[in-house]
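Q: from the sequence below, what's the structure:
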Amino acid sequence: MRVSVVDDEIEVDFTGTDPQARGNVNAVEAVTVSAVAYALRELIAPNFPRTLAFLGPETAVTIAVMLAGEDLGSGAASVAIALGVLLFSKITIILFFRH
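A: Now for the predicted structure:
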């Protein structure tokens, strides 16, 4: 995962991460985007109300999540995702707090 900030855009790039696995460690795109949004909200504004307004059109920051389409964070219908939802989102959040 690479995070870059240019002006008012934060890009979170998952391309180049591990490919989808046979086991249930994969996550779907919605989980990946949700984990990114949660981590950024906690880092930028930990006391901000837990609403969608944080990511609304009036937000001064644009967040772009880049996925390759066949990686752990963008699980296809043919791979197991059950445990991956929890694991991948937790790992994504931890990575943000370690940077």
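
Q: please count neighbours and contacts with C-alpha atoms only from this point.
A: OK.

Q: where are the low-confidence patches of the chain?
A: Counting by pLDDT under 70, the ranges of the chain that qualify are 48-61, 72, 75-77, 82-84, 99.

Q: mind doing that once more with 90?
A: 1-3, 5-99 (pLDDT under 90).

Q: which stretches in it count as strands?
A: Per DSSP state E, the chain carries strands over the ranges 2-6, 9-13, 62-66.

Q: in a markdown table: the ones you listed, plus distance to S89 and mean neighbour count.
A: Formatted as a markdown table, the strands of the chain follow (distance: least, C-alpha to C-alpha, whole Å; neighbours: other C-alpha atoms under 10 Å):
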| stretch | distance to S89 | mean neighbour count |
| --- | --- | --- |
| strand 2-6 | 15 | 11 |
| strand 9-13 | 14 | 16 |
| strand 62-66 | 14 | 16 |
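
Q: format the ones you listed as CSV; extra columns: distance to E42.
A: Below are the strands of the chain laid out as CSV (distance: least, C-alpha to C-alpha, whole Å):
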stretch, distance to E42
strand 2-6, 16
strand 9-13, 15
strand 62-66, 14
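
Q: just checking, F14 touches M1?
A: Yes: here F14 reaches M1: they are 4.7 Å apart, a contact under C-alpha atoms under 8 Å.

Q: of the two, who's got more company?
A: The residue with more neighbours, out of F14 and M1, is F14; 21 against 13, by other C-alpha atoms under 10 Å.

Q: OK, contacts around the more buried one?
A: Contacts for F14 were tallied using C-alpha atoms under 8 Å, 6 or more residues apart in numbering; they are M1, R2, V65, M66, L67, A68, D71, G73.

Q: ok, so of these, who is nearest A37?
A: The shortest approach to A37 among those belongs to V65, at 9.6 Å (C-alpha to C-alpha).

Q: which residues does the spatially closest residue to the closest one that is not a sequence neighbour bridge with?
A: In this structure, V65 finds its nearest non-sequential neighbour in V12, 4.8 Å apart by C-alpha to C-alpha, 6 or more residues apart in numbering. Per DSSP bridges, the residues bridged to V12 are V3, V65.
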